[in-house]
Structure formats: structure tokens, C-alpha cells
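1. Compute the structure for the input listed below.
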Amino acid sequence: MATHIARWDLDKTYLRTEFDSLRDIVKTAFERPDQKITNPGASTLLREMVRAGTRVHILSGSPEQMRRRLEDKLRLDGITWDSFTLKPNLQNMLRLRFRAVRDQLGYKLPALLASRARLTHSGDVDAATTESLFGDDAEADAFVYSLYADFLAGGVSDDLLLSVLERGRVYEDVVHTAMDDARSLEHGGIVERIFIYLEQQTSPDDFRAYGSRVVPFYNYLQAAFVLHEDGRLGPDGVLRVAVELVTEHRFDGDGLAKSYLDLSRRGHLRGRPVDAIVKELEGWVALGQVPAGDELKTMVARLPAMAEGARAAWRESEPALPDYLALVQRHNARRRR
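-> Numbers count the residues shown, from 1 in each chain. Below you'll find the predicted structure:
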């Protein structure tokens, strides 16, 4: 039985994807798997999560027709997964459901509920199986993921969930199926974290309405730091993500350390287990040459003081329930550069 699940979006979260023009859409559709570009650090983090025992479920808004190319890309990156859900855009168009082509609430929320229900009923998960959710700031991931998390936690009632779906103009048959799945689920603190990659450079303050469970991040080392504190990633995994950022994306030691500092100042880190990262690097150095060694040493040398500051600044707070009925009115507004 799975003890932890990671649900990952692909476009703009895992992959660098442009959908802002017809030319972008056509280019993306015809790119070979080896031409698709992974966001810095994403593939390393995902591989390390799998190595740490996390089960991966892909939930993407890409059309079903791109399945083979996307799966081949993930295989090239060395990623394994348990399920792979893509959007049935052709089916929606044939049924004249044009609103569903762009809608995220009516696609992702029912898909999340259906997946959880399926895994629960098959015995693959129980109420103790937790989840981390990964999305981006281009569309509605923070809204949909938070609604899903708060429903599972019991903060959103069946009636409120139904009202949000109806106000969000989700098609009636989809609403009925989603509510059937929702009512079959056990409640609990299932969603640990919601990670939102700031692909569009949206201000992190825009996500405060969703509480501290939502972690807006600028690079995947920041996600790795949080997952390490949550016990979902080992210190070696954190260092491997840092190595990729240095060797392939020109980060320096100062930039790596500032990634931690930024998160701690925004209240997303408690400063707990950085000693494990320090000891892990010491072990690497003792075994021989370390890739990006100087940059890693710079980062690790600064972490203890930064962690002390994070501990001093940390404040436990009771999250307020977002006003989902108000937020649903703008959940599908797509940001542009």
C-alpha cells in the first residue's frame, strides 16, 4: 500500500510549454520527446521522490492525443509513474463541450476525486496515505488543489463542493459523477503540501488566500527543501537537485543558499533537519570528488544560520478556509506574461 502520493501536472510545471498562441500549440503538439524541455531540477526531484518511496500520479491538461510523446519524454528522463491522466479534448469537442476545453475545475477536480476513490476502493491507499500536489501559476492549480485538499480534510462540505462546481459552470453529468466519488471518500489531513511553480513569475502574495499549505516556489531546490522537512525526500535528494541546478543551469552557491533564505522568510520552512544535509555532503566529500563541490559547500556552510533564523521566525497558524464561492468566479483566468 502506498504511504505517500505525488500528483504532478506536466505543462509549465514539469515541462517548459507555451500555449499563448496557435503557433505555440502546433509546435508543442509536434515536438519530438527529445525536443521537449524539462524545467530546471524537476526531473531530478521527481526521480529522487520515487527513489524515496513516493508513488507518482500524472494529471495533465495536455490532450489525450499527446500521450505517446509525453510518456516517451518521461521515460527519457528516467521517470516512473503509477497513473497518467490526460484531458479528453477531442471527446469534449465532438460533444460540443467547448467550455470544457479550457476549463480546469471541471477537469482536474473530478479527476483527483476519481483517482482517490479508485485507489481507496482497490485497497492501494487508506486514510493514512498522504499526498503532495504539484502545479503552476498559469491557470487554476492552486484553487483546484486547495479545494480538493479542504474537502478531504472536512473543511468543505458536500453542499459547498456542489455549489462551487455549479457556480463554476461544470457540466451537470460531470458534477454528478464528481459528487458520487466525493461522497465515497474518507476524510482526513490527506494533502500535506501544494507546490505551485512560479513559471509566470506571479507574486507569492497572490496565493496567501490558500494558506501556508500552498508553497509558491521559484526553483525546484526550494521544493526539495520543503519536501526534506516533510520527511518525503532524503538529504542526498536535496543535494542532487542542487547539483543539477549548478552543472546544467549555472546556479552558484550563493543562489542555492538564497533559495532556502527566500522560503524561510516567506514562512514555509521551520529550519528543522539541515544537519542531515550538512552530514550528507561531508560523506560525499569523504568518498571523493563531488560534482559542483565548491557551490555545494558554499550553500551548506550557510544553511545552519539560515535554519536558525527560520526556527526563530516560524509561527504555527490555524489556516482560514478560503472563500471558494468567491474565488471560483476567477479560477480560470489565465495569466499572460
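2. Can you tell me how far Arg193 is from Val164?
-> As judged by C-beta to C-beta, to the nearest Å, Arg193 and Val164 stand 22 Å apart. To be clear about C-beta, it is placed using only N, CA and C from the backbone, and glycine gets the same treatment.
3. what does Val50 give?
-> From Val50 to Val164 the distance is 33 Å (C-beta to C-beta).
4. Looking at those two, which has the bigger crowd around it?
-> Comparing Val50 with Val164 by other C-beta atoms under 10 Å, the one with more neighbours is Val164, at 21 against 17.
5. mind checking how far the helix or strand hosting the more buried one is from the chain centre?
-> Element membership of Val164 [criterion: DSSP states H and E] is helix 158-167. With C-alpha atoms, centre = their mean, to the nearest Å as the basis, helix 158-167 stands 24 Å off its chain's centre.
6. what's the following helix or strand after it?
-> helix 172-183.
7. Quick one: residues in contact with that next one.
-> Here helix 172-183 makes contact (C-beta atoms under 8 Å, 6 or more residues apart in numbering) with 100, 106, 109-110, 113-114, 116-117, 151, 158, 161-162, 165-166, 170.
8. Check those residues and tell me the two furthest apart.
-> Pairwise distances across those (C-beta to C-beta) peak at 22.9 Å, for the pair Ala100 and Asp158.
9. Give me the more crowded residue out of these two.
-> Ala100 (21 against 11).
10. quick one: what helix or strand has the residue nearest to Asp275 when sequence neighbours are not counted in it?
-> Once flanking residues are discounted, Asp275 sits nearest to Pro304: 7.6 Å by C-beta to C-beta, 6 or more residues apart in numbering. In this assignment (DSSP H and E), Pro304 forms part of helix 293-313.
11. in that helix, what's buried?
-> Glu295, Leu296, Thr298, Met299, Val300, Arg302, Leu303, Met306, Ala307, Gly309, Ala310 (16 or more other C-beta atoms under 10 Å).
12. excluding its backbone neighbours, what's nearest Gly135?
-> Gly135's closest residue in space is Asp141 (C-beta to C-beta, 6+ apart), at 2.6 Å.
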